[in-house]
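Undergrad: predicted structure and sequence below. I'll ask about it afterward.
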Amino acid sequence: MGNIFDTHAHYDDEAFNNDRYELLDRLLSGEVCGIVNQGTTVRTSEFSLELAHKYNNMYAAVGIHPECADENSMKELSVIRELCSDKKAVAVGEIGLDYYYDVPRELQKQVFEAQLRLAGELTLPVVIHDREAHGDVLDFIRKYRPKGIVHCFSGSREMAEEVVRLGMYIGMGGVITFKNARKSVEVIESVPAEFLVLETDCPYLAPVPFRGKRNDSSLIRFCAERIAEIKGMSTEELLKITAENAKTVYGLN
Ligand code: NI
C-alpha cells in the first residue's frame with residue numbers, strides 16, 4: 001500500500017463526474033493509503049459518507065462550510081449531528097470563516113461556533129477553513145480548544161506556532177509548490193513534521209507542475225517532495241510521518 005494520506009479532498013465535486021470511481025479505485029489500490037472527503041453542505045456531507053462506505057480507506061468529514069452558510073444552516077445542524085454518528089464520519093468539517101466571500105460574518109461565526117460545540121460534545125476533531133479570517137479563527141480555537149486541522153494553512157509563522165501549541169495540526173497542499181509561497185515556506189521551516197498533514201483540496205490547488213489543472217491525491221507527492229526538501233529529509237520519510245499524523249488526528253490508529 002502507498003503512503004500518501006490526503007486529509008482534505010472534495011471527490012464529490014462535479015469535476016470528477018466522468019471518472020470518479022475509476023480514479024478512486026486506482027488511487028486507493030495504489031499510492032494512496034487514505035482520503036478524508038470533506039462535506040460543505042448537508043448534501044455533500046451525505047455524499048462524502050456514501051463515498052466513504054464504498055472504500056475501506058476513505059472517510060468523511062461532515063459539516064457546513066462558511067461559504068455555504070445561509071438562513072437554513074442552524075436548522076440543518078441537527079442533520080449534521082445525525083451524520084456524525086456514522087462510523088465513517090471521522091471529523092466535523094469543513095467549517096470555519098471565510099472573509100473573502102461576502103456571506104455575512106455574524107452568520108458565519110454563529111454556524112462555526114455551533115459546529116465547534118458539536119465537535120466538542122461528540123469528541124470529534126474539526127477541519128477548519130480560514131480565509132482572510134486569521135484573528136477570529138484563532139480566537140475561536142483559543143475559546144473551544146478543538147482537536148483537528150487548520151487546512152490549507154495561510155497564516156503567519158507565529159500563528160502556525162500558536163495553532164500547534166494549542167494542539168492542532170497544520171494542513172499543507174499545492175500552495176507550497178507555488179513561486180510566491182514564501183509565507184508557507186516559513187511555516188514549514190518552523191513547524192515540526194510531527195504537526196504537519198498533507199492535503200489536496202482537490203479538484204483545486206494542484207501543485208506545480210500541474211498548477212491550474214484538476215488536482216487529485218496522487219499529486220500530493222509533489223508537495224511532499226517540496227516540504228521534504230525544506231525539512232532536509234527524504235520524501236518517503238515525510239510521507240510516512242504525515243500519514244501517521246493524519247491517522248492520529250482522525251482517530252484511525
Ligand atoms: Ni476544502
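TA: Thanks, I have the structure now. Numbers count the residues shown, from 1 in each chain.
Undergrad: phi, psi of Asp130?
TA: phi -130, psi 100 (degrees, to the nearest 10).
Undergrad: any idea how many residues pack against it?
TA: 25 (other C-beta atoms under 10 Å). Placement of C-beta: from N, CA and C, glycine included.
Undergrad: which strands or helices does the longest helix belonging to the chain pack on?
TA: Using DSSP state H, we find that the single longest helix of the chain is helix 105-122. The criterion is 3 or more C-beta pairs under 8 Å, 6 or more residues apart in numbering; DSSP states H and E, and the helices and strands that helix 105-122 contacts are helix 73-83, strand 89-98, strand 126-131, helix 134-144.
Undergrad: can you do 6 Å?
TA: Judged by 3 or more C-beta pairs under 6 Å, 6 or more residues apart in numbering; DSSP states H and E, helix 105-122 is in contact with strand 89-98.
Undergrad: what pairs with the strand it packs on, parallel or antiparallel?
TA: Strand 89-98 sits in its sheet next to strand 58-62 (parallel), strand 126-131 (parallel), going by DSSP bridges.
Undergrad: and these as JSON lines, adding mean pLDDT and distance to Asn17?
TA: Output for the strands paired with strand 89-98, formatted as JSON lines (pLDDT from 0 to 100; distance: least, C-beta to C-beta, whole Å):
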{"stretch": "strand 58-62", "mean pLDDT": "98", "distance to Asn17": "18"}
{"stretch": "strand 126-131", "mean pLDDT": "98", "distance to Asn17": "23"}
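Undergrad: now, of the ones you listed, which is deepest in the fold?
TA: For those, the largest average neighbour count (mean count of other C-beta atoms under 10 Å) is found in strand 58-62, namely a mean of 29.
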